[in-house]
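Enquirer: Sequence and predicted structure are below.
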Amino acid sequence: MFDKNLVRKALSRSLNPDIMARWPQDNHLDNQDRLVSLLIHDFFGGEILKTHKKSGWHFYNRINGERIDMVNAHLSQANVGNSFEDLPSTPEETLNFVAQEDYSTSLVRFIRAFEEAVGLEKYRTRGILA
């Protein structure tokens with residue numbers, strides 16, 4: 001089951017400030033959506049979708065039929081649903097916009113942060129998830 005609150009908590013702890021510092025200040029969210037959509041897809045499955053925005057493509061996800069936009073969560077509500085084109089994308093296409101090293105670093109950080117948010121770190125220290 002996809003828990004938006006746990007995912008939001010893990011994302012806030014895992015997005016690397018060093019990576020974000022390399023993105024233009026006026027374009028943080030536009031760059032962050034690519035990375036986040038890949039993390040969500042690789043961790044939870046579902047689809048990667050995209051839509052045109054003034055600044056270019058905006059990437060987000062759909063899981064079990066629900067649009068998931070963790071970067072612009074307020075925009076993914078049904079009352080503004082018509083602002084999304086929901087065009088299919090692929091992990092390969094999305095990865096074209098993200099440096100592999102940035103993605104790998106963020107994935108490891110996200111997994112650790114998600115484990116902490118769910119409370120799995122207590123099992124890691126006991127060797128169960130080692």
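Expert: Alright, I've got the coordinates. Owing to the predicted nature of the structure, the values given are computational and were not obtained by experimental measurement. Residues are numbered from 1 along each chain as shown.

Enquirer: ok, Val71 touching Gln32?
Expert: Yes - Val71 is within contact range of Gln32, at 5.4 Å (criterion: C-beta atoms under 8 Å). Yep, even glycine has a C-beta here, placed from its N, CA and C like the rest.

Enquirer: Quick one: residues contacting Leu107.
Expert: 39, 42-43 (C-beta atoms under 8 Å, 6 or more residues apart in numbering).

Enquirer: Next: Ile40.
Expert: Here Ile40 is in contact with 7, 46, 61, 63, 68, 70 (C-beta under 8 Å, 6+ apart).

Enquirer: Which of the residues you listed fall in helices?
Expert: Secondary structure from DSSP state H places Val7 of the contacts of Ile40 in helices.

Enquirer: I'd like the contacts of Ile40 laid out as a markdown table, including pLDDT.
Expert: Putting these into a markdown table (pLDDT from 0 to 100) gives the following:
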| residue | pLDDT |
| --- | --- |
| Val7 | 92 |
| Gly46 | 95 |
| Asn61 | 96 |
| Ile63 | 95 |
| Ile68 | 94 |
| Met70 | 90 |
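
Enquirer: Let's see if you can find the most crowded of the contacts of Ile40.
Expert: Neighbour counts for those (other C-beta atoms under 10 Å) peak at Asn61, which has 25 neighbours.

Enquirer: is it true that that residue touches Ile48?
Expert: Yes - contact criterion C-beta under 8 Å: Asn61 and Ile48 qualify, at 6.0 Å.

Enquirer: Now list whatever residues contact both of those two.
Expert: Shared contacts of Asn61 and Ile48, counting by C-beta under 8 Å, 6+ apart, come down to 37, 41.

Enquirer: tell me the contacts of Val118?
Expert: Leu6.

Enquirer: Which pLDDT value does the model give it?
Expert: pLDDT for Val118: 85.

Enquirer: on that earlier part again, go through the contacts of Leu107 and flag which are in helices.
Expert: Using DSSP H, those in helices are 39, 42-43.
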